[in-house]
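**Student:** I would like the atomic coordinates for the input below:
(one chain, ligands or ions: 1)
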Amino acid sequence: MRIVELRSDTFTLPTEAMLRAMARAPLGDDVYGEDPTVRALEEKAAGVLGMTAACLMPSGTMANLATLMAHAPRGSRVLTGQDSDIQVYEAHGVSVCGGVALEPVATDDRGLLCGAALERALPEDPDDPQFSLPAVVCVENTANRAGGVPLGPADLAPVRAFARRHDLVLHVDGARIFNAAVALRVGVAELAAGAGSVQFCLSKGLSAPVGSVVTGSAELIGRVRRVRKMLGGGMRQAGVIAAAGIVALDTMVDRLEEDHEHARLLADGLAGIPGIEVDRVVVRTNMVRFRVAGPGITHQGLIALAARDGVRLAELGRGTLRAVTHRGVEAGDVARAVSVVAAIVRAHRRAAS
Ligand SMILES: *Cc1c(COP(=O)(O)O)cnc(C)c1O
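**Tutor:** A predicted model of the protein is given here:
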């Protein structure tokens, strides 16, 4: 049975071209700065993001961690969305390893930090030593738990202005920033403008097997490299990873549009099922948030039964299910996912009535 994997875009497998590039990549010891393929990827990534330097990371989690540690002194604070990956899914690494407090900030239904909540996070008196000072404000683009909403330059303007006004660094957790750029039809550098750092994942929709890249100024990236080594993220012949990353940046960006189209199809199909509610307005990139409305079946039950029919869905928490489209999901898979969910929900509604 063909599996329709909708739990995450992290399930994407490397392409044939990636595997060929990985096999042939010129290699060196990247901890010495001598892996030519890693250097080529970093140069390319910095250029695409409109930054001066970049550093390959083993994961998005370490990319965020090393960057925030490079930005924020011990005893300072990092402001981040209450539902952000940094707040929810990264084990509070920056607090554990960096002595930095993570301060969750309320976000709106698109994942944007609320202006009033940001203001409340400022110390009453920055000169009074009893208050810790915020050093960084983080924005996630796309905002994962908000349903993958892409945030454009106009959406980002207030938080950019806030950071500038209060002398904070703006860090963009751009795990899916290429999805945002493609959906909004803007250059990814426009979404990076005004940020002190941007991290993006090669390992999600871009389909590389491993890796993230942090981009920023040369000075910042020098400090990020030091923290990366400290965290154990210095990787020797990392060109094998970087080679796939180069192919990802060269060939996997424009095709994200197809994933977005499939997410729209999936949202339309699911919305047509009596007993399923879809958050239609937030379907802008490769994610669909939905829930079972009314009696019949629990979310855990639906996930288990759909998995038996080869359709893998995930729970997002707070009574919501999530389906993520990616290169491994074709139009036929979308249709099959809709019919599998429809059949399960129909059978349970009938039994419940
Ligand atoms: C996936 C993700 C990360 C972490 O990346 P990993 O490579 O899984 O560690 C960080 N931020 C966001 C928004 C993500 O979606």
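
**Student:** now the helices for the stretch 51-200 of the chain?
**Tutor:** Under the criterion DSSP state H, counting those that start in this stretch, the stretch 51-200 of the chain contains helices at 60-71, 85-88, 93-98, 115-120, 153-165, 177-184, 188-192.

**Student:** Ok, which of those comes nearest residue 142?
**Tutor:** Judged by Cβ to Cβ, the one of those that comes nearest to residue 142 is helix 177-184, at 4.9 Å. Any C-beta I mention is one placed from the backbone N, CA and C, and that applies to glycine too.

**Student:** got the CA positions of the closest one in PDB?
**Tutor:** What follows is helix 177-184, C-alpha atoms only, in PDB (Å, rounded to 0.1, in the frame of the first residue of the first chain):
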ATOM      1  CA  ILE A 177      10.800  31.000   4.700                       C
ATOM      2  CA  PHE A 178      11.000  29.700   1.100                       C
ATOM      3  CA  ASN A 179       7.400  28.600   1.300                       C
ATOM      4  CA  ALA A 180       6.500  32.100   2.500                       C
ATOM      5  CA  ALA A 181       8.400  33.700  -0.400                       C
ATOM      6  CA  VAL A 182       6.900  31.500  -3.000                       C
ATOM      7  CA  ALA A 183       3.400  31.900  -1.600                       C
ATOM      8  CA  LEU A 184       3.700  35.700  -1.500                       C
END
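
**Student:** Excluding chain neighbours, what is closest to the residue nearest the centre of the chain?
**Tutor:** Nearest to the mean C-alpha position of the chain, counting by Cα atoms, centre = their mean, stands residue 175 at 3.0 Å. The shortest distance from residue 175 to any residue other than its chain neighbours is 4.4 Å, reached at residue 201 (Cβ to Cβ, 6 or more residues apart in numbering).

**Student:** Write out the residues of the stretch 201-350 of the chain neighbouring the ligand.
**Tutor:** Applying Cβ under 6 Å from any ligand atom, one finds that the stretch 201-350 of the chain approaches the ligand through 201, 203, 212.

**Student:** Which of the residues you listed fall within strands?
**Tutor:** When DSSP state E is applied, those are split such that 201, 212 fall in strands.
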